[in-house]
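A.B. asks: sequence first, then the predicted structure:
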Amino acid sequence: MKRILLLCAAIVLFAATAAAQKDQKPWTEWNEKDTMKMLTDSAWSQTQKEVAESGSSGPAITTAAENRSSANMVMNDKDKASSQSGESMGRASFVQYSVAFLSAKPIREGFIRLLELKNPDTPADKVTERRGFVDRDFGDYIVVALKLDGNDMKKIAPARQLLNNADAMKEAKDTAYLERKDGKRVALMDYRAPDMMGAKFIFPRSVDGKPFLDANSGEVRVYIEVGKTKLNRRFKVADMMYDGKLEY
């Protein structure tokens, strides 16, 4: 009886996985919502948002998942909720930090797809050229991209100034690293100032002759300090499989 139950559970899991893969749209068919979710809230990307309302003692730090949870709350008085939301946004200042593994193929697909959605009249030869970036081989490197957004210019301006100072960021090797669940770390090895894909933090892909991450790594933590802001995002390695391959 136990074997039958285990077999049934395996069949259900296989069917669910197959259905999910079947329903997954090719990246060339993603709409803007699909694309932004990949770039800001997926297995390869996370967003840290700091919100400071007038009169508060300091910023409140939220994640993309927490933002979704708040957005899904139901209130009986919809008009009142809308009014309060508008007032809150009017007085709130925020900075949004999006951290993504640019060396992961699905993130590169997201960046290219976003360009195509925003520039639908791009000539075919240019589209083909851009799409070549999706299959680029990052070789021995793990590249983490960091993008800033928001309306709190008192914080965004100095952060952008710091990120544009490549020499200063290269010196900050103790304040940017990747860490596995077992505590093993790799420090920053190189840095590139921001372009349209963000600032790029570059780490070695192999340590002691072995890949830094594999299917048994559990999770990987991305830690980056930008001024006084500490970005501390954790990713589940098991969720980073894409087309049958571990992408990071």
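C.D. replies: Good, I have the coordinates.
A.B. asks: ok, what's across the strand from the residue sitting nearest the centre point of the chain?
C.D. replies: Nearest to the mean C-alpha position of the chain, by Cα atoms, centre = their mean, lies residue 45 at 1.6 Å. Beta-bridge partners recorded for residue 45 (DSSP bridges): residue 42, residue 100.
A.B. asks: would you confirm that it contacts residue 108?
C.D. replies: No. At 11.7 Å, residue 45 does not count as touching residue 108 under the criterion of Cβ atoms under 8 Å. Placement of C-beta: from N, CA and C, glycine included.
A.B. asks: for the nearest residue to residue 150 once chain neighbours are set aside, what are its contacts?
C.D. replies: Leaving aside its chain neighbours, residue 150 sits nearest to residue 95 (4.1 Å; criterion: Cβ to Cβ, 6 or more residues apart in numbering). Contacts for residue 95 (Cβ atoms under 8 Å, 6 or more residues apart in numbering) come out as 49-50, 59, 148-150, 152, 155-156, 159, 229.
A.B. asks: please flag which of those sit within strands.
C.D. replies: Taking DSSP state E as the definition of strands, these contribute 49-50, 148-150, 229.
A.B. asks: which of the contacts of residue 95 are buried? Put it as a ChimeraX command.
C.D. replies: ChimeraX command restricting these to the buried ones, with burial defined by 16 or more other Cβ atoms under 10 Å:
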select :49,50,59,148,150,152,155,156,159,229
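A.B. asks: where is pLDDT lowest across the contacts of residue 95?
C.D. replies: In terms of pLDDT, residue 59 ranks lowest among the contacts of residue 95, with 54.
A.B. asks: residue 232 pairs with what?
C.D. replies: Listed beta-bridge partners, residue 232: residue 223 (assigned using DSSP bridges).
A.B. asks: and the pLDDT for it?
C.D. replies: Looking at residue 232, the pLDDT reads 96.
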